[in-house]
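Q: let me see the structure of the following:
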Amino acid sequence: MNNQFIPGSAVAPTSTVEISISCRELPDMDTLSRSDPMCVVYYQTIGSNRWTELLRTEVIWDTLDPDFVGKVIMDYTFEQDQFLRFEVYDIDSPSADLDRHDFLGFAECKLAQIVAAGFNSLKLPLLRDKDTAYVALSPARLTRNYKGTIILIVEELTQLKEELSLRLEGRLMGSSFCGFFAPKVFYILSKANETGSYIVCHRSEAVRGENPSWKSTAFSMRTICNGDKDRGIQIQCFKVGVNGYHKLIGTAVTTVNQFMALLGSDGLQLAGKKQRTIPSKIRVAQIRVSPIYTFMEYITSGTQIHCCFAIDFTASNGDPTFPNSLHYMSRNSRTNPYEQAIQAVGEIIQDYDATKNFPVFGFGARIPPHGEVSHHFPVTLSSSACCNGVAGVLENYRSCISQVQLYGPTNFAPIIRDIANLARQNMNGHHYYILLIITDGIITDMPLTKEAIVNAATLPLSILIVGVGGADFTAMEELDGDTVRLSSNGVVAARDIVQFVPYRDAYTWTASNTQAPSSGMANNPNNFDTTARLAKAQLAKEVLAEIPDQLTSFMKTCNIVPISRLN
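A: Model prediction:
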């Protein structure tokens, strides 16, 4: 909770909380194995009936009783109704499209209900009919219509800015079968709560061998122990079984402080079932507690954020002289979707860029003087692509529209590679780049684009894609690695650097995101201006939401410390 006292100011009494999610007795949708569940969490913004996706947990294979590692972290405000919806799916493919997976059930509640239940947990039945009004059903009807249960436990988090890096090794985890087929072993870390039960925090990869060595893992200290280094942590080691029926090897209870004391020792003794003595041990191969540096620390230490724009000039946008074109320049000063996206992002980013010079490129047009097709040209149509401020970006965009011929196809890779080369020259943490691509259609060079993004994932670069118009952008979701990390040619991206947001226009997009009244709004100039401002603010929020985490993840990967921490 924010307890800082600042006279003459106001602050809402909020707490940051963590919600742990488990399910029991889920439906079994697979024939030869068990369901592979994943939970998707949604929330409702104040004054809206629209559910906004907040989190997708990891997929847990072959189980009907999952304990998810993925947690919901959000601010709890006592005086507000904060509605949450939990949908559980059986994942059958790598697709991010939920309609391609089996729906197992859903539940709805208020955050206050989870808080009130405390460590005893809130247990809710999962309904199979997705269109059912959950809160309207009586407890008796809920009981008749459910299949499976979701269990929610909340804990208030401290504001601790420390991280624990831990690498474990196993010893004598089981012998090979008939001299062949060495066992595959994984471990689970769980933190103790006030009731004496345990909440899963981490599930390792499975490693083959009697003496496995697992990958190093980093945890926020508040995730693993909420800042209490003497809080109980349970470690369980399992031998991988068939169809999710894993065999427990042994268990031990320790703490962060004890983990640190175990470094260099013979290891932590595991106990088998009924506490019988077994030879298996867990050895701490590496452990380190280090500070977590924040986005604000990097910015206040001098890191500059630079925004580059890429605008789609393909013919699918429509003839810019016609009002139905996405590039149409209205005589009554109404901005088109491209202008709205430029303003939404540019007006936020310019405060973090001392130069206020934005490189702006176009793609998919025939350009003067000879009409050749270009997939990477300066919108200024000069030797320099830089525009002075957001006003300069808009001025050059409007001028360019009348001098080029919209053509095609829609290729992203050339511009991504060019901006990546610019970012590659500034790896010291002093500069971070954002590429905003505004497009109306599905890209035609998807394999090359995926390769360019994967190659750029190690650079100080984030890519924002705003899809305007009414096209089907389903394929574009693949580039946004929130659910499945993007890969190309067998190489997985080092980090997620893409954020995709579909955006039609100010009125249509705002109407689908809020409860704004629709009658007469499209034709009323005052209403249009109000809607445009609201849409611009909301678009900026959604498009830029992941930038702080993406910037700090790059700095962490490169071991870059804020200048203020070096003094």
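Q: so what strands line up beside the lengthiest strand in the chain?
A: As assigned by DSSP state E, the longest strand anywhere in the chain is strand 277-291. The strands that strand 277-291 pairs with in its sheet are strand 162-171 (antiparallel), strand 268-271 (antiparallel) (by DSSP bridges).
Q: which of these sits closest to residue 228?
A: Minimum separation from residue 228 across the strands paired with strand 277-291 (CB to CB) falls at strand 162-171, 11.9 Å. C-beta coordinates here come from the backbone N, C-alpha and C atoms, glycine included.
Q: what's downstream of the closest one, the next helix or strand?
A: Following strand 162-171 in sequence order, the next helix or strand is strand 184-192 (DSSP states H and E).
Q: I'd like to know which elements that next one is packed against.
A: When contacts are defined as 3 or more CB pairs under 8 Å, 6 or more residues apart in numbering; DSSP states H and E, strand 184-192 sits against strand 162-171, strand 198-203, strand 207-208, strand 233-239.
Q: mind listing residues that contact that strand?
A: With CB atoms under 8 Å, 6 or more residues apart in numbering as the contact definition, strand 184-192 has outside contacts at 168, 170, 173-174, 198-209, 212, 214, 224-226, 231-240, 246, 249, 253, 282.
Q: just the buried subset of those, please.
A: Among these, the ones that count as buried by 16 or more other CB atoms under 10 Å are 168, 170, 173-174, 198-204, 206-207, 212, 214, 224-226, 232-238, 246, 249, 282.
Q: quick one on the thing from earlier: any chance of the helices and strands packed on strand 184-192 in TSV with mean pLDDT as columns?
A: Shown next, in TSV, are the helices and strands packed on strand 184-192 (pLDDT from 0 to 100):
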stretch	mean pLDDT
strand 162-171	93
strand 198-203	94
strand 207-208	94
strand 233-239	96
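Q: Throw these into CSV and include distance to residue 544, thanks.
A: Shown next, in CSV, are the helices and strands packed on strand 184-192 (distance: least, CB to CB, whole Å):
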stretch, distance to residue 544
strand 162-171, 24
strand 198-203, 29
strand 207-208, 39
strand 233-239, 36
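Q: distance of residue 484 from residue 23?
A: Using CB to CB, to the nearest Å, residue 484 is found at 21 Å from residue 23.
Q: who has more neighbours, the two?
A: Per other CB atoms under 10 Å, whichever of residue 484 and residue 23 has more neighbours is residue 23, with 25 against 18.
Q: is that one in a bridge, and if so with what?
A: residue 150.
Q: all further residue positions should be reported with the first residue as 227.
A: That works, and once the first residue is 227, the last one we named lands at residue 249.
Q: do you know the pLDDT at it?
A: Looking at residue 249, its pLDDT reads 96.
Q: check residue 580 too.
A: Note for residue 580: predicted pLDDT of 81.
Q: got a list of what it touches?
A: Taking CB under 8 Å, 6+ apart, we find residue 580 in contact with residue 530.
Q: ok so it is a helix residue?
A: No - assignment of residue 580 by DSSP: H, G, I helix; E, B strand; the rest coil gives coil, placing it outside any helix.
Q: pLDDT-wise, which helix or strand of this protein ranks last?
A: Within the chain, judged by mean pLDDT, DSSP states H and E, the helix or strand with the poorest mean is helix 732-739; its value is a mean of 50.
Q: so which of the helices and strands packed on strand 410-418 comes closest to residue 284?
A: Smallest distance to residue 284 across these (CB to CB): 7.8 Å, for strand 424-429.
Q: by contact count, what packs against that closest one?
A: Against strand 424-429 (3+ CB pairs under 8 Å, 6+ apart) you get strand 240-250, strand 410-418, strand 443-446, helix 447-450.
Q: let's see that with 6 Å instead.
A: strand 410-418 (3 or more CB pairs under 6 Å, 6 or more residues apart in numbering; DSSP states H and E).
Q: for residue 341, what is the enclosing helix or strand?
A: Secondary structure from DSSP H and E places residue 341 in helix 337-343.
Q: would you mind listing the buried residues in that helix?
A: Neighbour count says helix 337-343 has 337-338, 340-341, 343 buried, by 16+ other CB under 10 Å.
Q: and what of stretch 700-707?
A: For stretch 700-707, by 16+ other CB under 10 Å, it's 702-707.
Q: export it to PDB, keeping only CA atoms.
A: Extracted in PDB, the C-alpha atoms of stretch 700-707 (Å, rounded to 0.1, in the frame of the first residue of the first chain):
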ATOM      1  CA  THR A 700      -5.500 -12.800 -36.900                       C
ATOM      2  CA  ALA A 701      -2.200 -13.700 -38.400                       C
ATOM      3  CA  MET A 702      -0.600 -10.600 -37.000                       C
ATOM      4  CA  GLU A 703      -1.100 -11.900 -33.400                       C
ATOM      5  CA  GLU A 704       1.600 -14.400 -34.100                       C
ATOM      6  CA  LEU A 705       4.200 -11.600 -34.100                       C
ATOM      7  CA  ASP A 706       3.000 -10.500 -30.600                       C
ATOM      8  CA  GLY A 707       4.800 -13.100 -28.400                       C
END
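Q: which residue, other than its chain neighbours, is closest to residue 628?
A: Spatial nearest neighbour of residue 628, chain neighbours left out: residue 546 (7.9 Å); criterion: CB to CB, 6 or more residues apart in numbering.
Q: got the contact list for the one you found?
A: The contact partners of residue 546, by CB atoms under 6 Å, 6 or more residues apart in numbering, come to 553-554, 627.
Q: same deal with residue 480?
A: Contacts of residue 480 (CB under 6 Å, 6+ apart): residue 459.
Q: how about the strand or helix carrying residue 374: buried residues?
A: Here residue 374 sits within strand 372-382, counting by DSSP H and E. Buried positions in strand 372-382, judged by neighbour count with 16+ other CB under 10 Å: 372, 374-381.
Q: same thing with stretch 768-779?
A: Applying 16+ other CB under 10 Å to stretch 768-779 flags 768-770, 772-773, 776-779 as buried.
Q: thanks a lot, catch you later.
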